[in-house]
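Q: Mind folding the following:
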Amino acid sequence: MPELPEVEVVRRGLERHVAGRTIKSAEVLHPRAVRRHAPGPDDFAARLPGRAVGVPRRRGKYLWLPLTGPESDPGEALLAHLGMSGQLLVGDPGRAAERHLRVRIEFDDGGYDLRFVDQRTFGHLMLTGLVPDPFAPAAATGSVPEPIAHIAADPLEDAFDDEAFYRALRRRRTGIKRALLDQSLISGVGNIYADEALWRARLHWARPTETLTRAEVRRLLEAAREVMTAALAVGGTSFDSLYVNVNGESGYFDRSLEVYGRRDEPCRRCGSPIRRDAFMNRSSYSCPRCQPRPRRARY
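A: Residues are numbered from 1 along each chain as shown. The predicted model follows:
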C-alpha cells in the first residue's frame, strides 16, 4: 500500500495538473470505486460538474481535492484513498482508457483529464464535508474531510506535535513499531518506512513504548522524516507497476532501502545479516546487531 511519500508524490502531481480547473463531467465506471459515497455513484457523478478544484491536500495516506462551485457547499472535498493498487492519473482525453479504469473526470478547458485506475478496487473516492482540523496548532486554522478527522497529523506536517507524540507513546504501553502504524498516534507511516526509520534510529521494533526516552523518540522522528524526505526526492518506493505518479512513472527508492525486503543480506552499517520476523501478518526487518532485541518486548 502506498505510504506517505508515495501519496505526497501523487498530491504534488495533482497540484500541477488539476488545481484551479473546473470539472466538466464525471463518469463512474465501477460502483465499488465510490462505495464510501453513501448516496451512490449517480449522485457522485452528478455533483461534480461545475465544481472548481482547489489546491490538493494530504494527511497520511489520504489526499483530497477541495471543491467550490456556484451552487454547492464550499466546505466539501473529493477524498481519495489509493488502497493497494489505486492510481490517480492525468492524460489526454483522447487517449484510450486504461485497463481497470474506475472513474473518469473531465475539465471544461479540454486539457488533461483525471482518471482513477484501480486493479484490485480496494481504493475509493468519495465526496464529503470538511470540518475543523482537531490537530491544528492552537493559533492556526484548517479543515480536513470529516471521515478522516480522527487520523493524527503526519510527521511532515506543521501540525505534528513531537512532545505530544512522546507523551502518547509513554501512555500507550505497546511495541514501538505497532505504535508507528497506529493512525490515531501518527499517520502516513507504513510497514516499509517504519522498518527503515527504526533501523536509522537503532531501535528494535518490539521495544516497549513506555521505556523510550525523549531523546530516543526525537531520534526516531528525525529518522522517519529523513527517510520519507529521501523517498520523496526519488518518487517514492515502487516494488511493482501498481504504484505510479500521476504521469504513470514509478519511483525508485526501493534501491535505497537499508533493511526492508533485505533478509539475510548484510547490514550496510555493520555487516550482520538482516533478520526477518513475522509481525501482525506482515514482516518486520531489522539488524540484530544495530537493533538488539530488548529484554522486555511488546509485539
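Q: Sketch out the strands for the stretch 51-200 of the chain, chain order is fine.
A: With DSSP state E, counting those that start in this stretch as the criterion, the stretch 51-200 of the chain has strands at 52-53, 57-59, 62-68, 76-81, 86-91, 101-107, 113-118, 124-132, 143-145.
Q: The third one pairs with which strands?
A: This points to strand 62-68. In the sheet containing strand 62-68, the strands it pairs with under DSSP bridges are strand 52-53 (antiparallel), strand 57-59 (antiparallel), strand 76-81 (antiparallel).
Q: Distance of the residue nearest in space to the middle of the chain relative to P31?
A: For the chain, the residue lying nearest the average C-alpha position, counting by CA atoms, centre = their mean, turns out to be K61 (2.1 Å). Taking CB to CB, to the nearest Å as the measure, K61 and P31 are separated by 23 Å. Any C-beta I mention is one placed from the backbone N, CA and C, and that applies to glycine too.
Q: likewise R178?
A: Here the criterion is CB to CB. By it, R178 lies 35 Å from P31.
Q: R293 too?
A: Applying CB to CB to R293 and P31 gives a distance of 48 Å.
Q: go on, R218?
A: When CB to CB is the yardstick, R218 and P31 sit 47 Å from each other.
Q: do T121 as well
A: With the distance defined as CB to CB, T121 ends up 10 Å from P31.
Q: Which residue of those two possesses the greater neighbour count?
A: Neighbours per residue (other CB atoms under 10 Å) separate T121 from P31, with T121 holding more: 17 against 14.
Q: Please report phi then psi for the more buried one.
A: According to degrees, to the nearest 10, the main-chain angles of T121 amount to phi 50, psi 40.
Q: What residues does it make contact with?
A: For T121, the set of contacting residues under the criterion of CB atoms under 8 Å, 6 or more residues apart in numbering consists of 30, 32-33, 83, 102.
Q: what about 6 Å?
A: Taking CB atoms under 6 Å, 6 or more residues apart in numbering as the contact definition, T121 lies against R32.
Q: Quick check: it vs H100, distance?
A: Between T121 and H100 the distance is 8 Å, computed by CB to CB.
Q: try R173
A: From R173 over to H100 the distance is 43 Å, taken as CB to CB.
Q: Over to R276. Which of the three states is it?
A: For R276, the secondary structure call by DSSP: H, G, I helix; E, B strand; the rest coil comes out as strand.
Q: Below-threshold pLDDT in the stretch 151-299 of the chain: ranges please.
A: Low-confidence segments of the stretch 151-299 of the chain, defined by pLDDT under 70, span residues 238-244, 252.
Q: domain assignment for this protein?
A: Using automatic domain parsing, the domain parsing of the chain gives 4-148, 162-286.
Q: Dump those domains into JSON lines; add distance to D154 as well.
A: As requested, the domains of the chain are arranged in JSON lines below (distance: least, CB to CB, whole Å):
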{"stretch": "domain 4-148", "distance to D154": "5"}
{"stretch": "domain 162-286", "distance to D154": "4"}
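Q: out of these, nearest to P155?
A: With respect to P155, and counting by CB to CB, the nearest of these is domain 162-286 at 5.2 Å.
Q: what's around the nearest residue in space to G188 that is not next to it in sequence, how many residues?
A: Leaving aside its sequence neighbours, G188 sits nearest to L4 (CB to CB, 6 or more residues apart in numbering; 3.1 Å). For L4, the neighbour count with other CB under 10 Å is 26.
Q: Contacts only, for L4.
A: Shown here is L4, whose contacts under the criterion CB under 6 Å, 6+ apart are 154, 188, 228.
Q: And the pLDDT at R120?
A: The predicted structure scores R120 at 87 on the pLDDT scale.
Q: correct me, but it touches G86?
A: No. In this structure R120 lies outside contact range of G86 using CB atoms under 6 Å: 8.3 Å.
Q: tally of neighbours for P39?
A: 12.
Q: who touches it in this structure?
A: Going by CB under 6 Å, 6+ apart, the list of residues near P39 is empty.
Q: Helix, strand, or coil at it?
A: Applying three-state DSSP: P39 is coil.
Q: How much space separates it from A46?
A: 9 Å.
Q: which residues do those two both contact?
A: A shared contact of P39 and A46, defined by CB under 6 Å, 6+ apart, is any residue touching both; here there are none.
Q: Give me the residues contacting the longest helix seen in the chain.
A: Secondary structure of the chain per DSSP state H: the longest helix is helix 214-233. Taking contacts as CB under 6 Å, 6+ apart, the residues outside helix 214-233 that touch it are 4-5, 8, 155, 162, 166, 193, 196-197, 200-201, 237, 253.
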